[in-house]
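> coordinates for the following, if possible.
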Amino acid sequence: MCRLRDLKIDNRRIVVAPGNEPIDTVRWRKESDEMCIYKTGAFTVGQCDSSPLSLAPRSKFPHYLHDVMRHMGTSSEALTCTETVTTPTLLVTRYEYANIYHTMTDWYNVYQTIQINGLQEVNIVFLDGHSAGALDEAWAKLFRTTPKYVSTLTPETCFKEAYLVAPGYGSTLSHATMQRWVKCPPSLYLKDFTRHFLASLGLRHMLGDARSARKRPRVLFLLRKSYLAHPRIRQTPRTLANAKDLVEALRRGLPDVDVEPTSFENMPFAEQVATVRDADVLLSVHGAGLTHLLFMRPGTLVVELIPSGYESNHHYDSFSAFVGVRHIRVSIPRDTPNHGITVDAQQIVNVLRREELRPV
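Numbers count the residues shown, from 1 in each chain. Below you'll find the model as predicted:
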């Protein structure tokens, strides 16, 4: 995070797609067109005599931050502005905006920026030109403001107080920063975040960790399906070729368990979170949808099916430790392009039987 006072943004010196277009109107647009190219004068800090890059080494400004600082000028005098924003403004660059895992790292960084600085009200400006996406509505609900795209700003807009939010790749929720060999207890910071998340989505009634009144454990079987998530998507990987057979086998083999297959592609985001929060077990092939386990109740179970070739990915066992959820990894065959993955149904039945499932 980098705090800036008296910042001027001149978007005439920023080359980027407008952003927020319907996906089907910009199909196959290059991702590079959605990332900002800054020119000298794109950013200016007023009443400052120091070079921004002289204040810290490059290692302190990873990813987009260094590019912003490299194109930031200074002025020893007060700035000339066409519009001045007095509400604290968070500047966010999203790298994988359609992916819930990567978006969660952005949300967590924004939340931490707000909490650390004691901000009561904020604006958010996206320093990118991504098309509209399924997660856009959640931004507005989580932070009580509708983000603006940098392309929509009035040229030479000034901000009395601005924050460059750390990129998601550097979030404590990012796989790149995790240290699996460190045994972390459930995180109070993350608990605060998830409570804020649920309340913001209108799910305050689900905040308690009380035991379920259900008589039968509920297994939520999350299925991956193809959908138009962003302009460049071709096919959703790691889908199950025999999903229907697997559901039937689970129901036969676990007669005292409620097995509920579902997919999130066309489900409202708040409903997705509520559905996971209510589950005793989340069963899914490795994929971004497992990010929802952050909202599961303590003591519940995640069963992650790991295709051959994905063994090094430990995103979700780390997440499980962070929130006090049990986690099991189950190896399954490699994904086959255009065919998906065929899973041994009895293998999954046996895994769940061994757990002697109970309502949590």
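> the residue nearest to residue 21 when sequence neighbours are not counted: how many residues sit nearby?
In space, residue 21 comes closest to residue 131 once its chain neighbours are excluded; the distance is 4.8 Å by C-beta to C-beta, 6 or more residues apart in numbering. Where you see a C-beta, it was placed from the backbone N, CA and C, and this is true even at glycine. A count of nearby residues for residue 131, using other C-beta atoms under 10 Å, gives 22.
> show me where the stretch 101-250 of the chain has helices.
For the stretch 101-250 of the chain, applying DSSP state H, counting those that start in this stretch gives helices covering 136-143, 188-200, 243-253.
> one step back: verify the contact between the residue nearest to residue 21 and residue 230 for me.
Yes. Between residue 131 and residue 230 there is a contact under C-beta atoms under 8 Å: 6.7 Å.
> shared neighbours of these two, which are they?
By the contact definition C-beta atoms under 8 Å, 6 or more residues apart in numbering, residue 131 and residue 230 are jointly contacted by residue 23.
> tell me the contacts of the residue nearest to residue 21?
By C-beta under 8 Å, 6+ apart, the contact set of residue 131 is 17, 19, 20, 21, 22, 23, 25, 26, 29, 34, 230, 231.
> want to throw those into CSV with neighbour count?
Converted to CSV, the contacts of residue 131 look like this (neighbours: other C-beta atoms under 10 Å):
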residue, neighbour count
17, 22
19, 20
20, 17
21, 15
22, 10
23, 19
25, 10
26, 21
29, 18
34, 22
230, 20
231, 21
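> between those, which is nearest residue 295?
residue 230 (23.7 Å; C-beta to C-beta).
> how close does the closest one sit to residue 95?
For residue 230, the distance to residue 95 (C-beta to C-beta, to the nearest Å) stands at 12 Å.
> now residue 319
Using C-beta to C-beta, we find residue 319 at a distance of 19 Å from residue 95.
> and what of residue 188?
Using C-beta to C-beta, residue 188 is found at 28 Å from residue 95.
> which one's more surrounded, these two?
More neighbours surround residue 95 than the other of residue 188 and residue 95, with 19 against 8 (other C-beta under 10 Å).
> residues contacting that one?
Shown in contact with residue 95 (C-beta under 8 Å, 6+ apart): 63, 102, 167, 168, 169.
> circling back: let's have the helices of the stretch 101-250 of the chain in a markdown table, adding mean pLDDT and distance to residue 260.
Converted to a markdown table, the helices of the stretch 101-250 of the chain look like this (pLDDT from 0 to 100; distance: least, C-beta to C-beta, whole Å):
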| stretch | mean pLDDT | distance to residue 260 |
| --- | --- | --- |
| helix 136-143 | 97 | 23 |
| helix 188-200 | 95 | 20 |
| helix 243-253 | 97 | 9 |
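> between the contacts of residue 131, which is nearest residue 296?
The closest of the contacts of residue 131, once distances to residue 296 are taken by C-beta to C-beta, is residue 230, at 26.9 Å.
> what's the closest non-adjacent residue to that closest one?
Closest to residue 230 by C-beta to C-beta, 6+ apart is residue 98, at 4.1 Å.
> residue contacts, that neighbour?
So residue 98 contacts 130, 133, 134, 135, 229, 230, 233 (C-beta under 8 Å, 6+ apart).
> show me which of the residues you listed are buried.
130, 133, 134, 135, 229, 230 (16 or more other C-beta atoms under 10 Å).
> from those, which one has the minimum pLDDT?
The pLDDT minimum for those sits at residue 229, where the score is 88.
> tell me the spacing between the closest residue to that one other than its chain neighbours and residue 31.
Spatial nearest neighbour of residue 229, excluding adjacent residues (C-beta to C-beta, 6+ apart): residue 98 at 4.2 Å. Using C-beta to C-beta, we find residue 98 at a distance of 11 Å from residue 31.
> and residue 137, by the same measure?
Distance from residue 137 to residue 31, counting by C-beta to C-beta: 22 Å.
> cool, residue 200 as well?
Distance from residue 200 to residue 31, by C-beta to C-beta: 29 Å.
> quick one: which of those two has more around it?
Neighbour count, other C-beta under 10 Å: between residue 200 and residue 31, residue 200 has more, with 17 against 14.
> surely that one and residue 142 touch.
Yes. With contact defined as C-beta under 8 Å, residue 200 reaches residue 142; the gap is 4.9 Å.
> run a quick neighbour tally on residue 159.
25.
> in the sheet, who's paired with it?
Residue 159 forms beta bridges with residue 7, residue 85, as assigned by DSSP bridges.
> which residues does it contact?
Applying C-beta under 8 Å, 6+ apart to residue 159 gives the contacts 4, 6, 7, 8, 9, 84, 85, 89.
> without its sequence neighbours, what residue ends up closest to residue 298?
Nearest to residue 298 is residue 324, by C-beta to C-beta, 6+ apart, at 3.9 Å.
> again but with residue 280, I slipped
Nearest one to residue 280, counting by C-beta to C-beta, 6+ apart, is residue 217 at 4.4 Å.
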